[in-house]
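Trainee: Just the structure for this:
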Amino acid sequence: MPARVTPGGLREFFAPRSIAVVGASDTSGWARFVFAGSRSVGFTGPLIPVHPVHRTVLGRPAVRSLRDLAEPADLAFIMVPTHAVESVLDDAAAAGVRSAIVLAAGYRELGEEGRALEDRMIARASAHGITLLGPNCLGFVNAHAAAAPFALTVPPSLRAGPVGIALQSGALGGVVLAFAHAHAIGVSTLATLGNEAMIAATDVLDYLVEDDATRVICMFLEQITDPARFADAAARADRAGKPIVVLKVGSSQAGSRTALAHTGAIAGDDAVVGAVLRQLNVIRVTSIEELLCTGALLGYQRWPRGRRMGVVTTSGGACDIIADRAAAEGIEIPEFAAGTAAAITPLLPPFAAVRNPIDVTGYFLANRRTSALTVADHVLEIATADPGLDFVLFTGLTLPDARPDDATAAMLGERARWLGERTAAAPVPVIPVGHTCLNLSGYGRDVLAEGGVHLLPGIDLGMTALGHALRWLEGRGTRAAAVTAATGVTGRPVGAGRGAPAPGGGSPWSEAAARGLLARSGVPVVPGELVGSADAAVAAARRLGLPVVLKVCSAQIPHKSDIGGVAVGPATEAEVRAGYERVRAAGEAVPGARVEGVLVSPMRAGGVELIAGVTVDPTFGPVLAVGLGGVWVEVLGDTSLRVLPVDTGDVKRMLAELRGSPLLRGRTPVDLDALAEVIRLLADTAVALDGSLCALEVNPLWAEGDRVEALDVLLVTRSEPPDRSRHDEAGRQH
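Mentor: Numbers count the residues shown, from 1 in each chain. I've put the predicted structure just below:
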């Protein structure tokens, strides 16, 4: 295995002072991109073509081999075919070159043969002490270091800025840079990762967390291959006040981890990743535009200190759009304080309503402007002093496509400078936003840069970014930085080395055995007796109280209702006898089923039914799902997930996330502390199975007031369930 790449090592890697482009030729589009990109960022160091035949390349003197360099280059961008890469690495070692990018594909992405080729290439690089980015990689851009060994278009005059970017995609690098350029979003370092054979996404994340030029980290991820290191880096980023924004693709609706459990269908691959990112206080987005807009907000603006927003616009329609989007993001728009309204009123025409959000109207456009500032600017200054606001959204700045006449341009420049100064000095943060996501013109970008203003690209993206930012701010320092023991961050890995269970694998326990395990763990289970005759069922029903529920008990029948193995509500002794015979016969009719008896339990009416279950994700380990239970679990899909371990505070937050959470505050409000404690005990029981767990599910978990009981239990483990020679109080044999 190659030595781990350190942030300090990457600091040097991403700031080369000289670059050799191996395989460059006049006909190579890749080489043309690298040379053009270097000009775009202002790279001033030696940029040397290397080719065995051509004496000049793209007007520059070339050398035959890296061995012919007068001085070792800091970085070699290797553009030769796959079969020639290893010999170039030998040349690099001989020449004293210690950093390389490998463009060539044909490695791990092609299967086992390619993987072996990649392993051999990386072993050679490691033996030579060469740090390598790729293969199958298009390179990087470091705007602050003015270095761009990047084999795609780098926009001219790309701005250096606070947004660091890591991409598990090469071609999207050019798209990301184009959007950043169009909206004046400055980049610190953008790195494409290729096959991540030596430098992985977590290495670049570590580097960006420590990089002084980076204020916010944006990532495009296809997979999280090292959850322990990712969790550790995310925790350090949170402590450092550096938000991480992730566009995670590859969502999957692929069935269940364990086909026997509802929880497996709930906790699909993508849902688990979403839960992990929430626990790490990592912002998850769904598009490139959302990724960069959120990064820009957190990278450039002063952060809101709460959810009370003031709005200053020049459009009544914009006020309505913003109000609707604010409601969707949970952002408040309080009334202006009396003093604020009184100060604003003289500035507006009589027909204008002085309220938040405020439309200053276009009335001022009817008269020729004589000063740089507009009514919107004066209203903004007043609004920022309102004691009831945490920040102000401002849509009053529009920019022309081309430079206007000198007088207008001078006023626009003066206004932008005023807005920049006001944004920096206002009592609360000011968030300037455009009405729509239009690309800025070159003139517009220059005006904003000179004024020190950053304009978010559109109301919709801007409001989404604000929602993300507020949730991130509220989550700082309050969420578990260690995702799960399965990652190795919080302790000994659960079932380390055993892997996750295969879908549908494992051995189900009988419900009586599963109930016994929960009861011994402190989880309250509805009283129940396991009986072997109709007479015993009647006697148990008398003791427990009618009406009752009768369920066939067999490890081979995990879903009893599917085969008619459940009788709900027998209220007389005759109904109990008939119910017993019916469910017992249904169980015995199942081929291969070994029927232990029939469970008799009292009915539970009223209250709220939930589901609480744990399955095992192959990457992140045990995952807890909580949601509305009974028949509604898959119909409503109203669930919350967490990777274990959790505490009661985590569980209470999960319950609050449910759309159905108002049901918990019904006629007899559920004691949330008691409910959260029971779910925590259930989760701890799952972890205590020490890697043998496939699925543990309680559905329904019944709650009313301070009473919480498991009504139905499903447990599947890798190993065979214990021999039930006796039954405890959760399922006594009669």
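Trainee: tell me which residues in stretch 111-118 are buried?
Mentor: Gly114, Leu117, Glu118 (16 or more other Cβ atoms under 10 Å). All C-beta spots, glycine's among them, are computed from the backbone N, C-alpha and C.
Trainee: what comes into contact with stretch 325-336?
Mentor: The contact list for stretch 325-336 (Cβ atoms under 8 Å, 6 or more residues apart in numbering) reads 307-311, 322-323, 344, 354-358, 383, 386, 388-389, 459-460, 463-464, 466-467, 470.
Trainee: Just the buried ones from those?
Mentor: 307-311, 322-323, 344, 354, 356-358, 383, 386, 389, 459-460, 463-464, 466-467, 470.
Trainee: Take those and keep only those in strands.
Mentor: In this view, these that belong to strands under DSSP state E are Met309, Gly310, Val311, Ile358.
Trainee: Quickly list what the first one is bridged to.
Mentor: Just to be clear, that refers to Met309. Under DSSP bridges, the beta-bridge partners of Met309 are Phe391.
Trainee: if I read this right, it contacts Phe394, doesn't it?
Mentor: No - using Cβ atoms under 8 Å, Met309 makes no contact with Phe394, being 10.9 Å away.
Trainee: Quick check: the two most widely separated of the ones in strands among the buried ones among the contacts of stretch 325-336?
Mentor: Pairwise distances across those peak at 11.9 Å for Met309 and Ile358 (criterion: Cβ to Cβ).
Trainee: In contact with the residue nearest the centre of the chain, which residues?
Mentor: With distances taken as Cα atoms, centre = their mean, Arg284 lies nearest the centre of the chain, 3.5 Å away. Shown in contact with Arg284 (Cβ under 8 Å, 6+ apart): Val245, Val246, Leu247, Lys248, Gly274, Leu277, Arg278.
Trainee: Now, the residues you listed that are in helices?
Mentor: Gly274, Leu277, Arg278 (DSSP state H).
Trainee: Just the closest of those residues to Glu720, please.
Mentor: Comparing the ones in helices among the contacts of Arg284 against Glu720 with Cβ to Cβ places Gly274 closest, at 34.4 Å.
Trainee: partner residues bridging the residue nearest to the closest one when sequence neighbours are not counted?
Mentor: Closest residue to Gly274 in three dimensions, ignoring its sequence neighbours and counting by Cβ to Cβ, 6 or more residues apart in numbering: Arg284, at 6.1 Å. Counting by DSSP bridges, Arg284 forms beta bridges with Val246.
Trainee: so what's Arg284 scoring on pLDDT?
Mentor: On pLDDT, Arg284 comes in at 97.
Trainee: Give me the distance between it and Thr294.
Mentor: Counting by Cβ to Cβ, to the nearest Å, the gap from Arg284 to Thr294 is 10 Å.
Trainee: again, but for Arg718
Mentor: 42 Å.
Trainee: More neighbours: which of the two?
Mentor: Between Arg718 and Thr294, counted using other Cβ atoms under 10 Å, the more crowded position is Thr294 (29 against 17).
Trainee: Ignoring the adjacent residues along the chain, who's closest to that one?
Mentor: Closest to Thr294 by Cβ to Cβ, 6+ apart is Ala465, at 4.2 Å.
Trainee: quick one, what contacts Glu468?
Mentor: Actually, residue 468 is His rather than Glu. Taking Cβ under 8 Å, 6+ apart, we find His468 in contact with Val245, Ile283, Val285, Thr294, Leu297.
Trainee: One more: Cys137?
Mentor: By Cβ under 8 Å, 6+ apart, the neighbours of Cys137 are Ile101, Val102, Leu103, Gly170, Thr192, Leu193, Gly194, Asn195.
Trainee: Can you tell me which of those residues has the most neighbours?
Mentor: Val102 leads the contacts of Cys137 on contacts (other Cβ under 10 Å) with 31 neighbours.
Trainee: ok, it touching Thr131?
Mentor: No - taking contacts as Cβ under 8 Å, Val102 lies outside contact range of Thr131: 11.5 Å.
Trainee: Determine the residues that are contacts of both of those two.
Mentor: Between them, Val102 and Thr131 share no contacting residue, judged by Cβ under 8 Å, 6+ apart.
Trainee: which stretches of the stretch 451-600 of the chain have low pLDDT?
Mentor: 479-505 (pLDDT under 70).
Trainee: And the strands in it?
Mentor: Secondary structure of the stretch 451-600 of the chain by DSSP state E, counting those that start in this stretch: the strands cover 507-508, 529-531, 548-553, 566-568, 597-602.
Trainee: what pairs with the second one, and is each one parallel or antiparallel?
Mentor: Under the criterion DSSP bridges, strand 529-531 sits next to strand 597-602 (antiparallel), strand 732-733 (parallel) in its sheet.
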